[in-house]
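Novice: sequence plus the predicted model coming up.
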Amino acid sequence: MEWILGAVAVLAGPIGWLIRSAYEREERNRQAVSEARLDAYMGVIDPYIRILTGVRNPRETQKALKVVQQVEHRRHVFRIVLMAPDGVVQAYNELMRATYTDSPRAMLLFTRLLLEIRKDLGNRGTALEEADMLISQLKDVDRDTFKLMLTTGVSKRAN
């Protein structure tokens, strides 16, 4: 009986070390993937940040749209397609379909993409809505007006 306890004690140390090192290796891999995703996400949303920054400057908007066509931007897109969860990929695809044709819808889809990215980066249970994702970037629109604009494409001021 004592030899069984001795054998268990001798084996427990190395087994525990193996389990711990496997867990730490998995955690490092998870962290590396998370950082790669964040880098890809920032690369993909950068042109849209530029558009928001130069909202009243059509030249800046054109520069940002040219970035979307560059090879480096496409690399970020492919990283997202390969690594991101389905919700992020679908939100990005919808955004790209609307970017050149439907500006008000593109704004809504951009906020959806941001929300999906936020969920993927660890905020799965977020209570934020699409309107919350960009309201801090808009100086002349309150949250309720922006929410109405996102959902209907119409501003209260226009009515």
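Specialist: Arrived safely.

Novice: what about the protein, any weak spots by pLDDT?
Specialist: 1, 54-56, 102-103, 139-140, 152-159 (pLDDT under 70).

Novice: now the spatially most central residue of it. Nearest residue, chain neighbours left out?
Specialist: Central residue of the chain (C-alpha atoms, centre = their mean): Ile117, 2.2 Å from the mean position. Excluding the flanking residues, the one nearest Ile117 by C-beta to C-beta, 6 or more residues apart in numbering is Tyr41, at 5.0 Å. Every C-beta, even on glycine, is put in place using the N, C-alpha and C of the backbone.

Novice: contacts only, for that neighbour.
Specialist: 76, 80, 84, 88, 117, 121 (C-beta atoms under 8 Å, 6 or more residues apart in numbering).

Novice: on that earlier part again, isn't the residue nearest to the centre of the chain right up against Pro85?
Specialist: No: when contacts are counted by C-beta atoms under 8 Å, Ile117 is not listed as touching Pro85 (9.7 Å).

Novice: could you point out which element follows the top helix by length along the chain?
Specialist: Criterion DSSP state H: the longest helix present in the chain is helix 2-53. Next in sequence after helix 2-53, counting helices and strands by DSSP states H and E, comes helix 58-68.
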